[in-house]
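Enquirer: Let's see this in three dimensions:
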Amino acid sequence: MDQQTVTHIGGCHCGAVRFEVDAPSELNVYECNCSICAMTGFIHLIVPDRHFRLLDGADALTEYRFNTGTARHLFCRHCGVKSFYVPRSNPDGFSINVRCLQSSSLASVRVETFDGRNWEQAAGALEHLSR
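Expert: Numbering: from 1, shown residues only. Okay, the predicted model is just below:
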């Protein structure tokens, strides 16, 4: 971890799923307009898998896959919240829902838009995020 990186704590609504993620305190994140992200209000912080640690709730997670089946959408089976998942754009990392992070570790959040409705053309812009 470099000096600008902090450990953020997050989880689902009921508390069954809890995790840590190492990322800067000043976040650059993405709001996607694809069908599932638009319906769930997911705001993406994409990180390499080595920056993510599931603390509790592996047994509380249920999975949903659609389209190509690459993305692993993981939901708490108790409260239904998707606090993180393995994205199609970065199958070697995790996308964390910034809305599920405790605010105490966040200095700022800058939200950019991502055109998930035209995923095939836009996905290349995210590939570097899980490296």
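Enquirer: contacting residues for the residue nearest to residue 100 when sequence neighbours are not counted?
Expert: With sequence-adjacent residues excluded and distances taken as C-beta to C-beta, 6 or more residues apart in numbering, residue 100 is closest to residue 83, at 3.8 Å. Using the backbone N, CA and C atoms, a C-beta is placed for each residue, glycine as well. Residues counted as contacts of residue 83 (C-beta atoms under 8 Å, 6 or more residues apart in numbering) are 10-12, 17, 19, 76, 96-97, 100.
Enquirer: Which two of those residues have the greatest separation?
Expert: Pairwise distances across these (C-beta to C-beta) peak at 14.2 Å, for the pair 76 and 96.
Enquirer: quick one, which of these two is more surrounded?
Expert: More crowded of residue 76 and residue 96, by other C-beta atoms under 10 Å: residue 96, with 26 against 20.
Enquirer: Pairing partners for the more buried one in the sheet, please.
Expert: Beta-bridge partners of residue 96, counted by DSSP bridges, are residue 45, residue 84.
Enquirer: Enumerate every residue touching it.
Expert: Residue 96 sits next to 8, 10, 19, 21, 23, 44-47, 52, 83-84 when contact means C-beta under 8 Å, 6+ apart.
Enquirer: Against residue 16, how distant is residue 61?
Expert: Residue 61 sits 9 Å away from residue 16, going by C-beta to C-beta, to the nearest Å.
Enquirer: any common contacting residues for those two?
Expert: Shared contacts of residue 61 and residue 16, defined by C-beta under 8 Å, 6+ apart, comprise residue 76.
Enquirer: quick one, helices of this structure?
Expert: 35-40, 119-122 (DSSP state H).
Enquirer: which residues are contacting the first one?
Expert: To tie it back to what came earlier, the one meant is helix 35-40. 31-32, 42, 44, 66, 73, 82, 116-117.
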